[in-house]
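Student: My questions are about this predicted structure, shown below with the sequence.
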Amino acid sequence: MAEVKITANQSDEEGWRIERLEEIRDLMLEKGLKNVLALHDHKGNLFVDWSEMPSTDNLVTATKIWTDKGEPHSNHSVRGRPLIWDMGGYNPFGGPSFP
């Protein structure tokens, strides 16, 4: 996995969100997940942007890593294009909004 861009909603006031995403990134690396471009935390909803279509196993693994932290929702996109989402809303990766 190349460098992963990490961002979070209200990261200035809630710096722990960035720390948590860094931990998530490290766990993804340990589990062999590749092709992650960016991670974003918006009010406990994880957004993962992949560089190419992830396998089902990679999606399940990434989602489980997040749910193991006590957060039930994650959205996945491929180069900013929505792929799978738990919660609708804006897209932090510059693509179309999640429905």
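Tutor: Nice, I can see it. Numbers count the residues shown, from 1 in each chain.
Student: Isn't Trp85 up against Ser97?
Tutor: No: in this structure, Trp85 is not within contact of Ser97 by C-beta atoms under 8 Å, at 9.8 Å. (Each C-beta comes from the backbone N, C-alpha and C, glycine too.)
Student: Give me the more crowded residue out of the two.
Tutor: More crowded of Trp85 and Ser97, by other C-beta atoms under 10 Å: Trp85, with 18 against 10.
Student: how close does the more buried one get to Ser74?
Tutor: 8 Å (C-beta to C-beta, to the nearest Å).
Student: give me every residue that touches the most centrally placed residue in the chain.
Tutor: Among the residues of the chain, the one closest to the centroid is Val48, at 2.6 Å (C-alpha atoms, centre = their mean). Residues in contact with Val48 (C-beta atoms under 8 Å, 6 or more residues apart in numbering) are 36, 38-39, 62, 74-77.
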